Every structure is written in structure tokens, then in C-alpha cells.
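[1] return atomic coordinates for the entry below.
(2 chains)
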Amino acid sequence: MFGGHFQHQASIREEKAANGKAVVGRLLGYLAPYRLRLVVVLLLTLIGAASAAGGPYLVGRAVDSFIAVGDRTGLAINMLLLLGVYLAGLGARMLQGYLMGWVGQNTLALLRGKIFHKLQRLSLQYFDKHDAGDLMSRLVNDVDTINNLLSMGLVQAISGALSLTGILLAMFGLYWPLALAASSVIPVMLITTNLFAKMARRAFRKTRETIGDVSADLQEDIAGIKVAQAFNRTGLNQARFAQRNAANRDANVGATAITSAFSPTMDLLSTVATIIVVTFGGYLAMEGMVTIGLVVAFLGYVQQFFWPIQQISQIYTQAQSAMAGAERIFDLLDTEEDMVDAAGAKTIPHIQGRVVFEKVDFAYDPLHPVLHRVDLAAEPGQTVALVGPTGAGKTTVANLIARFYDVTGGRVTIDGMNVRDASLDSLRSQLGIVPQNSFLFSGTVADNIRYGQLEATDEEVEQAARLANAHDFILRLPQGYDTVLGERGNSLSQGQRQLVAFARAILANPRILILDEATSSVDTRTEMLIQQALEQLLQGRTSFVIAHRLSTIRNADQVLVIDEGRIVERGTHDQLLEQGGLYADLYRRQFRDVEEKAATPSLAS
Amino acid sequence: MKSLRRALKYLFPYWTTASAAFLSLVLVSATNLASPQFLRLAIDGGVVGHQWSAILWAAGGLLGVAAVRGVFTFLQGYLSEKASQGVAYDLRNEIYAKLQGLSFSYHDQAQTGQLMTRVTSDVEMVRQFIGQGFLQLMGALVMLAGSSLVLFVMNWRLALVSLTIIPGILLVFARFVRNVQPLFRQVQQKLGALNTILQENLAGVRVVKAFAREQHETKRFGRANADLLAENIRVTRALNTTFPVIFFFGNVGTFLVVWYGGNEVIGGSLSLGQLVAFNAYLGFLMFPIFMLGMIMATMTRAGASAQRVFEVLDAESEVQDRPDAGPLPAIQGRVAFEDVSFRYAGAEHDALSHVSFAAEPGQTVAVVGTTGAGKSTIINLIPRFYDVRSGRATIDGHDVREVTLESLRSQIGIVLQETVLFSGTIRENIAYGAPEATQEEVEAVAKISQAHEFILEQPQGYDTRIGEGGVGLSGGQMQRIAIARALLLNPKVLILDDSTSSVDAETEYQIQQAMDDLMVGRTSFIVAQRISTVRNAGKILLLDGAHVVAQGTHEELLATNHLYGEIVSSQLRDDSHQQSATFAVDS
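    Numbering: from 1, shown residues only, chains lettered A, B, ... in the order given. Purely as a prediction, here's the structure:
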């Protein structure tokens, strides 16, 4: 929101400009499954065109052959025929429009589905670097630009091309030298179109990017609205948004300047064709080489010639907007998936729970290593506590176990298997993670608890909630477990959200449990109750616990103290206290109020 | 259609541009009439009359007409787009401003994806009509009236015959608007739903991945996508059972005129030439009718979207400045709740029930209690994020509802429970509430919140970008920036809502030490789980089940309150036997 976004990779985009044809081809590729329907659409378009041509013909015949000679019956028959032609046109147009719309909408839905599917396959690294709002804009706004092209443009282009061919054929059939002279403007038109298309594409790219920025700004600002209000920032935010908004407006107006200039240019060129016919044809007629009637007929054709060209070129510019949108979509679809199952990735069998880090290095970006040669081994069933100052790398360790990121050095194994060799799905479905930010989805409380285990029965859901100490407060909600939570679960307090997230992890019945400050916003009394429940739950499962409240981790089998990306101390709580190092120090800070306790001995236990 | 009329009002500021566009449209039509004249000149004068000069004149004329037409075509397209983009710009800004001003209770219920759809997609639909559509509508109506007039002048009986199709067309239009507007609304609604799922999926990507629920999410999205597709197809069907019908009605006009007129000609009451000429002009009547058909779709769609846009713009903010609200003068910091009750929208129970307390200027008040007891709710009522249901919250005796929000909130520094930082540099984030703060001021508060050191370790120090597209920070680091952000406001009332939950105890202790000086002369509210954090507070409010069950100092509560004792002991339990030794060192 403070201006400047990251994905403006101008050079890459320029390169893509050359690949315009590839984008078109690829877009058309999405229509391939609907080949048959498209053939029908084409046939119907022909019928529609025939009806459009047949109408005036029959009207002319009515005048010349029947009205002029006073043949009432002939007129009646002719008129019924005309009505039939009109009806055929009606039917053809209805069906054609519907079919094309159907194909277009299905293609768009397919494209949206593909984008979403792709997003699901991208790693956290990708989401760290891309604005959610911009990604949303690709799926919604960019797909929408393609909509216009598919639902109207394609058919219009086809019918335009058809009538163009017809007119050209007629002209060449009539008198080819004049036809050749008139169509000499066509290459110029093609070149001009190409030129405009390039400019338009560049301009439209800008519109797509700026609407992405608007969307990114919106997404972030709506999500952060409470902070904005608390800090009286709304006025300033407004100004910033207006800037982005204005950039989008100006980009659109700029693009329009190009597309609006295009049609008059084409108009001018077809006027040149008319002038060629008038002068050259006039010369020919005056020389007696052609009849005046032929020149008049040619003029009629040249006039008609203009419309399909106008139409096609209009669509072509419109298509540029779609292309610019499609580029962004394909850009996303082509993003390399850095976190995919390795070729031959195996399903990790039922996890026993031995988690080992061997000389693990990790950096979110190459310049700033986060973990240095971390070694650790957790035996099945053990509870490992990760302790250390903020920013030391505790969450990173957890992230690597779940393979949210790939290590940059060393390896992480579970039951001896490198996590890179295991299929992500089989790995993560056996892990239960309660992350730092307990994110809930809109939906009922029960849906949220069931998130990792969709088949769970109501009883199982309730049991998990009881273990997490969430049952009581859930029952007090208006509809109990069926209470619909707002976005991010924001009808609950933060502590309550953590309890639900906890229940969610419990229900997933994981082999390895990772608690990343899972109860930081839960009051200590409730936390204690949870801990008692946890003790049962953790039996036979390996667990990693990150907490700043040392009381939470006192019972861990091993405590790893992490500082600046290294494990600086390891051992049990008692051993570490005896060592008198960093851990002992942290521990003392936490229980600074011991004097208090000494003063009120009655409270101890 | 009422919403559409209202949307059109947004065109007012651009009326000169819009009028110029309209004028251009008319002039383009006018120049179209000129071309045939030059062609006639070329044929009659040039080719037939064997005069080169006539041909050259005609050629020049044609070129001139094309040039003039070109200029006006360009102006028409460009200016109408410019006006409509201006309208879209204003609408977006207005919605954005509205959203910024809507109270917490609105945002608690609203879905980000739905709101975003309204700001982008719905505004775009309205824009498309206001840009080209409205101009074309006006143009079409003028042409319709003009050509009807011409037809009546030419032959009123044939004109009547041809105009019999008009009621039919109107009927089709009316049916279309009535039936399709709700469909368009549905499309936008479904698009919003899709957007919501997408937005949530992106925001919760960590959870999705942690539970390996990608397939489930894809299915969920697939359902919304299929819903949207179904609605879109419904619209497609409606569109395609309407426009071809209008086209057909137009053709029926020709059909009627030719048949009826033909019989008249045969009967001798009409000349053949008249019929042919009339039929030629009938085309001028049909063209605007077809155009109206096209416009009707954009218009109906825009109508549906305009409704959705105005729903947001018309939303009542529960919390807003009263008409008679004055600014809150510089405060001393006495915060008092008098018998305050509060309930969240849609909830069945009070979140706070008959809460009374007073915090004296300079006092530190700790809010302690069980999960969901109402700790954050108390905090949220002080800066008036929500309005109390009964009773009143006062600062220095001023009811918070009687002063302006800006003056109230600018004197309160708050660290919300959920840490939200924005993409931008660290400095920008700390200076969020006071953008003109100097580097020294920013650093000073960062030092107090123990953030300075780790900030310096970042690649570009205070200029390091964080958030989407930037460096990732740990939860504790984010909280410390959020604390610095609040401190920078130099507020008289400071609220820390569980603001150090992700900070390690050591750092928290340092923050506390550093803040001790700072707290002097400020009223502060601290919500915390750790007793060590709240132990020294001048007053502790103990909440349980929406009630303040006890208030007093740590010692007083320890002595008198069982729940408090339980909370304290839950943090100290089973340490007693090993602690005395360890802590003796420390004290």
C-alpha cells in the first residue's frame, strides 16, 4: 500500500509482446474441446448470413416480379417465403448466440478453475512475494476481458471475414483490374492494424497492471481497516487509493486514445479505396473500357467493404485487451512450481514420527540465511520444545518439517525418508499444525474444526473441541456448532479462535503435531486445562512445541534453544537450568514474580 | 432503474466532456450523410459527364469528409471513455472512502471478496453503460424519433403499419429488463462469492497447505465456479432469446410494409416508387431499434450493478460523528465506564454486562480474564470502535459518542491483538499514524519496543520492505513494530491488547522496562495472559463471563479473589520446588 509493486517486470513483458500469436493460439486451444459446437455455430452463422442476404433479395423480388406486375397471389407466396427466411434467421441467431455464449462461459469457467488449481500448487514462497489482490484481479478482471472477446468477438469476426470474402470474390468476378486496384489498400490496412495492435497491447497491459494494483490496495486496506481507523489513517489511505485509482483511469483513457484513433484510420484507408475506384474506375469508364454501371456497382461494394473491415479491426483491438489479460493469466499459469512432488515421489507410509534435521541451512532470500547447520533428532513420541528470542528461526524449523519451504542445504527426514521424496499430500496429511496466526474460514464452527478431516462425525468434532477446551464456549454461541463465523472467524475472540484451531489440529489426528504458539492468546488457566488434555493426546505422537511461556514446555523431552538461526543449547528443562545459559536466563525472566509467590505460599499448587 | 438514474448523476461533473462526445456522435452521423453526395458528383458529373475535375473534386471531398468524420469518431470514442472513466474513478473513490469510514461492526459481517467485487467489477459494469451505452441510447432515441417523423411525413399509413411492431418490441424490452436484471444481479452475487472463496483461500494459504486441503479448496472453488457458470448461462439464454427476437420484429416491420404496401400499389393507391423509397428509409428506423436492443443489455446489467454499488454507499455506519459532535480537547486521561453493556451484532449474549470502572490519569490498568470473557471488547469501546448498548464510556468526563472520532482516536494509541502490518517499508509502518515523523522519532519508539536492533539487521534497515513482496518477519517482530507504531502517536491513552503474546519473555521484560518511563503521565490499558506482565499494574480488572468480577491491585485480588488466584497459580504451579534456588540468583 505504500506504493510500488514487485511484479513490474517490464523487460519480461516486452519480450512477451513478440509472442502475441502464441497467446492467441493458446487461447484458441481452450476452445478445442468445443470443436463440434463451434462447427455448429459456424453453420448457424452461415444460415444467419444467408437469411440476412435472402431478406433484401426477396423484398426486391416482391417489388420487381409481383408488385410491379400486380400479382397478389405471387406476392403472398413470396411474402410467406420471406417470413420463413426471417424465422430461419431468428432460429439460427438464437441458437448460435446461445451456443457461442455457452462455449464462451464454459471456457471462462475452465480458465478460472485452472488458475485456482494452479494457485493451490504454488508454494508459500510465491505467496510471500505476490499481492493477494493482484492475484484476485487476474482471476476475475483479466478473465473478464477474455469474456468480451469470446462471447461476441469471435462470431462477429467470423461473419465479418465471411462477408469480406464474399465482397472480394464478387469484385474480382466483376472486373479484376479494378478489384486489384481497390484491394491495394488491404496490405496497408494490415500493416496499420498490426501497428495499432502493438500500441494497444502495450496500453492495455498497463490497464491490466493498474487494475491489479487497485485490487491489491483494496484487498490489503479492507483487511487492515481496523488499524486504519484506530490510527486515523483513513484520509491518507484514501489519497493513496485515489492515486492508484487515477493511474488505472489514466491507463484506460490512454488505451482508448489508441483504439479510438484506430477506427478513423481504417475509415480513411477505405475512403482511399473508394477514391481509387472513383478515379481509376472513372478513367476506365471514360476510356470506354468498362461501363458506368460497373463502376457504380464497384462503388457499392467498396462501401460495403468498409463495414466488415471496420468490424474485424474493432474486434482486433478489443482482442488486444483480452490478450493483455491473457498474458497475465498465462504468466501465472506458467509460473514454475518450486514445491512439487519430485518425480517418483513416494507416499510416505504411516509415520512413526522420527524427525531428523541434518546440517540444515535455510534462507528465505539468499542474502539472509535464517538457519545455519541445524541438527536435531526427535524420536517417535517425543515432545520437542523450540525456545528462543523472537526472530531466532523457531517458526522456520516448523515450516521445514511440513516442507512449506525447501531447505537450502542439508536435509530433513521423517522416518529416514527425505521430505523432498515424499508426496506433499501424504506428508502434510499426517502433520497437524496450529500456526501462529489461527486462521479460520467463514463457515460454521463445526466446518472449521472438520477442516482437516472432512469425514469426521459430529461426536468426533465435539470430542476434539472438548480436548481443546472449546466445547463450552461453542455451546454458548447462538447456534452452537452450527454458528456461522464471519470472515477469518472474526466473530470470535482471538483466544477462542486459537482454541478452534487447536481442535482442528486435534481432529486431524496427526502423527506429528506442531504447535506454533498455539495458545498465546488463551488465558493461562484454560491453557493449563488444554495441556492436561494434550498429555494424553501426545502419547505416541512426535510433537514440536513453540512457546514463549516456558511453563508450556517444561515437560518436553528435549528443549532446543535457538538463537540467530543456530541451536545454541539442547537438553531437558532441568539440564538447561543447571547449565545456567540462555534458557536459564529466559526462564528467570518469565518467573520474575517469584518473590510474589514466596509472599503468598498458600497459592503454590 | 432508479439506481441507474442515480449512477447517471455521477456524469454531471463531466457534462462538458460527455456533451462534446454526444455532439461528436451527432456530427459523425451528419458526415455520413455527406459521402453519398460526393459519390453522386463523381458518377454524374465525372464519369457520365466526362469531367476529370468533378472526379477530383469528389475524391477530395470524400477524403475531406473521411478526415472530418475521423476526427469526430475519435472524439466521440475518446471523450465518452474519458467521461466514463472519470465516473468510475469517482465511484471507486467514494466506495473506498465509505468502506474506510464504516464501523467495525460492518466489517465484522462483510466479506472482503464481495466488497472487492463491488469496487471493481460492479463499478466497471456501471461504467460501460455510462460511457458508450448512455450516449448510444440518447443517439438511438434521437434517431428513432427522427426517422419515425420522416416516415410519417413520407406516408403516414405505411408508417403506422411499420410502427405496429413497436409495442411488441417494447414488450420484449420490458420483459427483458424485468426478468434479466435479477439474473445479472445473481451473476454479480456469484462472482462475489467466488471472489470471497479466492480471497479467503489466499489469506489462509498457510492453513490450507498445513492441512493439505488443496483438493478440498479446489472443489469448494469449483462449486462456486459452477454456480457462476450456471448463472452466466442463464443470462446467455435470456440474451439470446431477446435480441434475435427484436431483430425479427424489425424484419417483420419490413415484411408488413412490403406486403401491405404491395397490395396498396397493386390496388393503385400507392406508387411503386413511393413504396421502394419508404422501404429504403425503413432501414433508418430499424437501426436504432437494434442498437436499443444492444444497449438494453448493458443498461440492465449496469442497473443490477449500480444497485450493488449503492448498497455499500448507503450502508449506515453505526459509529459516526454526531451532528453536534465537537472535538475532544487535549485529555488528561481519565477513562471511565459507567454501567456499560455491549453485545455484538447477531450474538445472543452480552459481551459485556454492566461494567463499571474508572482509570485515573497516568494509571496502568490491566485487563485479565478467561478466554472470551470480554477483554478485547472493553478495549474496543474506548476508541469507540463499537457503540455501547447501554451505559456510557467517558474520557475526562466526555462521553466518547459526543466527540469527533478523529479527535478521540488521535489521542489514543492502540496495539490490536491481531497484528496487521502493511506492505511497505518498516519506517512507513511505524510512522503509519504519523507519516511526518522524523527518523529520530521513529528510531526512538523502535528502541523502546525493542525493535531497533532487529530492524538494523534487516537488509535495508528501516527501509526494508515488509509484507507482501517483502521480507517476512516473525510474529514477535511484527508485534514489536505494532507497539512502536502506537507509541509514535505519543498518546495520552495507550492500549496494549495482548500485544506481546508472541514476544519472548526476555524481550517483553525489556519492553516493559523501557516503557516504564514512557507510561508516566499516560493512562494505559494492558490485556495480557502473563501475570508477570500485569503484576505491577495500578489496577487490575478481572473479567469472567462478560462481567467485571473483581478489580484492585495484584495483592488485593490475590487476597480476595479465587479465580485470580487460580489464574496466577496456573502459571506458577509445579515450579515451587525448583524455583527458589533459581530465582534467588535473580533477585
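
[2] neighbours of whatever residue of the stretch 201-350 of chain B ends up closest to chain A, how many?
    As assessed by Cβ to the nearest Cβ, chain A sits closest to B:Thr236 within the stretch 201-350 of chain B, at 3.2 Å. In short, each C-beta sits where N, CA and C put it, glycine included. By other Cβ atoms under 10 Å in any protein chain shown, 21 other residues sit near B:Thr236.

[3] where does the closest residue to it other than its chain neighbours sit, in terms of helix or strand?
    In space, and not counting its chain neighbours, B:Thr236 is closest to A:Gly101: 3.2 Å by Cβ to Cβ, 6 or more residues apart in numbering or on different chains. Assessed by DSSP states H and E, A:Gly101 sits inside helix A:72-121.

[4] now A:Thr483: how far from A:Asp447?
    Distance, A:Thr483 to A:Asp447, using Cβ to Cβ, to the nearest Å: 10 Å.

[5] can you check A:Ala468 too?
    From A:Ala468 to A:Asp447 the distance is 16 Å (Cβ to Cβ).

[6] between the two, which is the more surrounded one?
    Shown here are A:Ala468 and A:Asp447; by other Cβ under 10 Å, A:Ala468 has more neighbours (30 against 18).

[7] got the residues of the stretch 251-400 of chain A near chain B?
    A:252-253, A:256-257, A:259-261, A:263-265, A:267-268, A:271-272, A:274-275, A:278-279, A:281-282, A:285-286, A:292, A:295-296, A:299, A:364-365, A:367-368, A:388-392, A:394-395 (Cβ under 8 Å from any Cβ of the partner chain).

[8] the same query, at a cut-off of 7 Å, please.
    By the rule Cβ under 7 Å from any Cβ of the partner chain, the part of the stretch 251-400 of chain A lying against chain B is A:252-253, A:256-257, A:260-261, A:263-264, A:267-268, A:271, A:274-275, A:278-279, A:282, A:285-286, A:292, A:295-296, A:299, A:364, A:367-368, A:389-391, A:395.

[9] hmm, back to that, the residue nearest to B:Thr236 reaches B:Thr241, doesn't it?
    No - applying Cβ atoms under 7 Å as the test, A:Gly101 and B:Thr241 come out as separate, 11.2 Å apart.

[10] when the two are compared, which one has more neighbours?
    A:Gly101 (22 against 16).

[11] contact partners for the more buried one?
    Residues near A:Gly101 by Cβ atoms under 7 Å, 6 or more residues apart in numbering or on different chains: A:Ser151, B:Thr236, B:Asn240.

[12] low-scoring stretches of the chain, by residue?
    Going with chain A. Applying pLDDT under 70 to chain A picks out residues A:1-20, A:548-552, A:589-605.

[13] hmm, no, I was thinking of chain B.
    Low-confidence segments of chain B, defined by pLDDT under 70: B:467-471, B:572-587.

[14] and the longest helix for it?
    Longest helix in chain B, counting residues (DSSP state H): helix B:52-101.

[15] can that one be said to contact chain A?
    Yes - Helix B:52-101 comes into contact with chain A (Cβ under 7 Å from any Cβ), by way of B:55, B:58-59, B:62-63, B:66-67, B:69-70, B:73-74, B:77-78, B:81-82, B:85-86, B:88-89, B:92-93, B:96-97, B:99-101.

[16] how long is stretch A:386-400 end to end?
    14 Å (Cα to Cα, to the nearest Å).

[17] count of residues packed around the nearest residue to B:Gly545 once chain neighbours are set aside?
    Excluding the flanking residues, the one nearest B:Gly545 by Cβ to Cβ, 6+ apart is B:Ala373, at 6.2 Å. B:Ala373: 25 surrounding residues under other Cβ under 10 Å.
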